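Student: Predicted model and sequence below, questions to follow.
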Amino acid sequence: MNGDARVIHDVNAQLAAAGLSATIVVRDLDSGRELSTAADVIMPLASVVKVPIALALLNRIAAGALDGAQVVTIRPDRFEGDGPTGTSRFRHPAKLALEDLLMLSVSFSDNTATDALLDMVPPGEIQADLEQLGLHGIHIRHRLGALVKTPLESLPASDAHLAYDLARGGPSRGEGHRIWQLDATRANIGTAAGLTDLLQELWRPARIDLTVASRLRSLLAGNIIRHRLAPEFSSDAMTWSSKTGTLLHLRHEIGVVDHADGRSIAVCVLSESSNPAAAQPAAEATLGAAARAMHDLLR
């Protein structure tokens, strides 16, 4: 067993010991060298899907089809469910510029802001954009308010473990699921390989407008959710720009490490946990350590 294979073997063993199953891809965005564990496994994306949604909106702003300063009225009573941040917590109508909604969607993971964006560019158009750009392995089907309409939201706190048991009790990869947001035939889905290709295009644009790519990189750099992979990739010599996704037993994060020497390494982690709990700091730390171990093989 060579060095790379041994590290990947150890990573998988550590993930399993923490009750995790993960597909991880790391790629040097200049040399193209890549390491992965099951790169083509299909997973529901949760909030990671906000990245291609933002890309579609920014493309239209750059093309003049939409105005980033356009004022959008957020009316909480017409959006589904309550989210943890941003306009998802609003109780009264508010007027916000389109570009500010983009910031709330990507940097704050605001579901209501994202659904307001989907009112302007529906999933079918975003999907067509991805195909035109040659970005495959990502499928966008539904609005983000659905993410707070799972069995978890209807259960008392004392019974929340039942929702997690139900989530981890069925497959998430195409064989159906009793929670439709985890059913790969109905949910927003993607692969770590496809998401890595998206990051490649954002950091080393070949088909995306340079201004669009720069703006979306800035939004990812502003991500306020910093407890999963960020502790492993934030230092004076590294900048970590990313988007997380969390839904029941799913714990994802995709991003790019920009090193002071100019190298950029994409890291995509899509994972499932078998632990029936919302707060899993040990699992989060294990995901970070696994991603860092694979990243370091490319350094």
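Tutor: Nice, thanks for sending it over. Numbers count the residues shown, from 1 in each chain.
Student: Quick one, grab the pLDDT at Leu35.
Tutor: pLDDT recorded at Leu35 is 94.
Student: which intervals of this protein have sub-threshold pLDDT?
Tutor: For the chain, the stretches with pLDDT under 70 are 1, 78-83, 170-175.
Student: and the gap between the most centrally placed residue in the chain and His177?
Tutor: The centre of the chain sits closest to Val48, judged by CA atoms, centre = their mean, with a distance of 1.9 Å. Computed as CB to CB, to the nearest Å, the Val48 to His177 distance reads 18 Å. (C-beta placed from N, C-alpha, C; glycine too.)
Student: where exactly do the helices run in the stretch 101-250 of the chain?
Tutor: Using DSSP state H, counting those that start in this stretch, the helices of the stretch 101-250 of the chain run over 111-120, 123-132, 160-168, 192-203, 210-221, 230-233.
Student: Run a quick check on Ser21 versus Leu270, I expect a contact.
Tutor: No: counting by CB atoms under 8 Å, Ser21 stays clear of Leu270, with 9.6 Å between them.
Student: still on that earlier bit, in JSON lines: the helices of the stretch 101-250 of the chain, plus distance to Gly288.
Tutor: As requested, those are exported to JSON lines (distance: least, CB to CB, whole Å):
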{"stretch": "helix 111-120", "distance to Gly288": "25"}
{"stretch": "helix 123-132", "distance to Gly288": "28"}
{"stretch": "helix 160-168", "distance to Gly288": "21"}
{"stretch": "helix 192-203", "distance to Gly288": "16"}
{"stretch": "helix 210-221", "distance to Gly288": "17"}
{"stretch": "helix 230-233", "distance to Gly288": "4"}
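Student: Out of those helices, which is closest to Ala283?
Tutor: Of all the helices of the stretch 101-250 of the chain, helix 160-168 sits nearest to Ala283, with 12.2 Å by CB to CB.
Student: May I see the buried residues of the closest one?
Tutor: Across helix 160-168, burial judged by 16 or more other CB atoms under 10 Å covers Ala160, Ala163, Tyr164, Leu166, Ala167, Arg168.
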